[in-house]
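S.K.: The following block contains a protein sequence and its predicted model.
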Amino acid sequence: MTDLQPVVDEIYEALKPRLGEGRVADYIPQLAHVDPKKFGMAVVDVEGRVFRAGDSDEPFSIQSISKVFTLTLALGKHGEAIWNRVGREPSGSSFNSIVQLEHEGGKPRNPFINAGAIAVSDLILAGHTPREAIGEIVRFVRFLADDETIAIDPAVARSEQATGFRNFALANFMRSFGILTHPVEHVLGVYFHQCAIAMTCTQLARSGLFLAAAGHNPITGHLVVSKQRARRINALMLTCGHYDGSGDFAYRVGLPGKSGVGGGILAVAPGKASVAVWAPGLNENGNSLVGSLALEMLANRTGWSVFGQ
Ligand SMILES: NC(=O)CC[C@H](N)C(=O)O
């Protein structure tokens, strides 16, 4: 495969004048402290080569990107039965919306909106204490990235716990429908901690490599999921990974992707590479503004869009 370092360098140079655009998420107070001008990018190809630019080795809060890892874990534990508790359709609503739950039996539309990820946290909790479930998630992410240093930022977890009123509302609402089966405080304890995992772009790109390489990690040789499961997770990322901005992301970038309000995006080019970008300013849908531009430029330059060159 080609040397992508010149492409990554060029994207960073081109975007320098735009760093700081968008709005840093401040509804989680701890995230509001992040420098809005940060920018990192890491591409790991299926041969294990890494190309990076900017602050690619500075950890940031992965937030909703964790939903890819918890979905993978829940599928591993419960298989297709998870779809009794969460759907797999785009919501067309914001990431923290409650509206559809009332009409749809408390069942969230997909695992990548907050309600859906909270339902998935409940599934991971089955038979465990919250502490064990959180430990299992962190160990899984370390295994995917092949990096034992990955950890939770406790200040971010506390910040969410103290201010996550909307998530408490979603969880209580779902509990009333029987979609959650554990105490709401336990489920949200798991959810807030998974969102507070801190990772660098390089670690994140490595952890997504199994989705680009038909379910196995070509660096470690570990089989993570079957080919079919990798393909299906990619399909969900493409259709639901950017909330009510998923159509726009597919149009502009054309890759399965998952964003987080920390300003990170994990994108997958099947058969080619896993890519992570980080720029804290968000667009109106809560997706990284400059990060999306970086991926759009990368897709244009490489022809990696799943919809064709
Ligand atoms: N879109 C996101 O990244 C949201 C995750 C965040 N922890 C929340 O629950 O609000």
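M.R.: Cool, got the structure. Numbering: from 1, shown residues only.
S.K.: which residue ranges form the helices in the stretch 101-250 of the chain?
M.R.: Defined through DSSP state H, counting those that start in this stretch, the helices belonging to the stretch 101-250 of the chain, from first to last, are 114-125, 130-145, 154-163, 165-176, 184-195, 201-207, 209-212, 227-240, 246-252.
S.K.: would you list the ones you listed in JSON lines and tack on distance to residue 44 and mean pLDDT?
M.R.: (Each C-beta comes from the backbone N, C-alpha and C, glycine too.) Rendered in JSON lines, the data for the helices of the stretch 101-250 of the chain read as follows (distance: least, CB to CB, whole Å; pLDDT from 0 to 100):
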{"stretch": "helix 114-125", "distance to residue 44": "25", "mean pLDDT": "98"}
{"stretch": "helix 130-145", "distance to residue 44": "10", "mean pLDDT": "98"}
{"stretch": "helix 154-163", "distance to residue 44": "25", "mean pLDDT": "96"}
{"stretch": "helix 165-176", "distance to residue 44": "32", "mean pLDDT": "97"}
{"stretch": "helix 184-195", "distance to residue 44": "22", "mean pLDDT": "98"}
{"stretch": "helix 201-207", "distance to residue 44": "4", "mean pLDDT": "98"}
{"stretch": "helix 209-212", "distance to residue 44": "6", "mean pLDDT": "98"}
{"stretch": "helix 227-240", "distance to residue 44": "15", "mean pLDDT": "98"}
{"stretch": "helix 246-252", "distance to residue 44": "20", "mean pLDDT": "98"}
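S.K.: Tabulate those in TSV, adding columns for mean neighbour count and distance to residue 34.
M.R.: Written out in TSV, the entries for the helices of the stretch 101-250 of the chain read as follows (neighbours: other CB atoms under 10 Å; distance: least, CB to CB, whole Å):
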stretch	mean neighbour count	distance to residue 34
helix 114-125	27	20
helix 130-145	19	20
helix 154-163	17	10
helix 165-176	18	20
helix 184-195	24	15
helix 201-207	28	14
helix 209-212	26	26
helix 227-240	19	24
helix 246-252	17	22
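S.K.: Format the ones you listed as TSV; extra columns: distance to residue 46.
M.R.: Compiled in TSV, the helices of the stretch 101-250 of the chain are given as follows (distance: least, CB to CB, whole Å):
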stretch	distance to residue 46
helix 114-125	27
helix 130-145	15
helix 154-163	32
helix 165-176	36
helix 184-195	27
helix 201-207	12
helix 209-212	6
helix 227-240	12
helix 246-252	22
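S.K.: Of those helices, give the one that comes closest to residue 27.
M.R.: When the helices of the stretch 101-250 of the chain are ranked by distance to residue 27, counting by CB to CB, first place goes to helix 154-163 at 6.9 Å.
S.K.: separation between residue 54 and residue 117?
M.R.: 28 Å (CB to CB, to the nearest Å).
S.K.: so how many other residues sit close to residue 98?
M.R.: 16 (other CB atoms under 10 Å).
S.K.: isn't residue 114 right up against residue 93?
M.R.: No. At 10.5 Å, residue 114 does not count as touching residue 93 under the criterion of CB atoms under 8 Å.
S.K.: Of the helices of the stretch 101-250 of the chain, which is nearest the ligand?
M.R.: helix 184-195 (3.6 Å; CB to the nearest ligand atom).
S.K.: What residues does this protein have near the ligand?
M.R.: If contacts are counted using CB under 6 Å from any ligand atom, the residues of the chain sitting beside the ligand are 63-64, 95-96, 114, 160, 167, 195, 260-261, 286.
S.K.: how about TSV for the residues you listed, with distance to residue 250 added?
M.R.: What follows is the residues of the chain next to the ligand, written out as TSV (distance: CB to CB, whole Å):
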residue	distance to residue 250
63	21
64	17
95	17
96	22
114	21
160	29
167	27
195	24
260	18
261	20
286	17
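S.K.: Run a quick neighbour tally on the closest residue to residue 146 other than its chain neighbours.
M.R.: Spatial nearest neighbour of residue 146, excluding adjacent residues (CB to CB, 6 or more residues apart in numbering): residue 220 at 5.1 Å. By the measure other CB under 10 Å, the count of residues near residue 220 is 16.
S.K.: how close does residue 220 sit to the ligand?
M.R.: In this structure, residue 220 and the ligand are separated by 27 Å, where distance is defined by CB to the nearest ligand atom, to the nearest Å.
S.K.: Tell me the confidence at that residue?
M.R.: According to the prediction, residue 220 has pLDDT 94.
S.K.: I'd say it and residue 145 touch.
M.R.: No. No contact is recorded between residue 220 and residue 145 when judged using CB under 8 Å, the distance being 9.7 Å.
S.K.: got the contact list for residue 142?
M.R.: Under the criterion of CB atoms under 8 Å, 6 or more residues apart in numbering, the contact partners of residue 142 comprise 148, 150.
S.K.: can you pull the contacts of the residue minimising distance to the centre of the chain?
M.R.: Geometric centre of the chain, nearest residue: residue 65, 1.4 Å, by CA atoms, centre = their mean. Counting by CB under 8 Å, 6+ apart, residue 65 makes contact with 204, 258-260, 262, 264-266.
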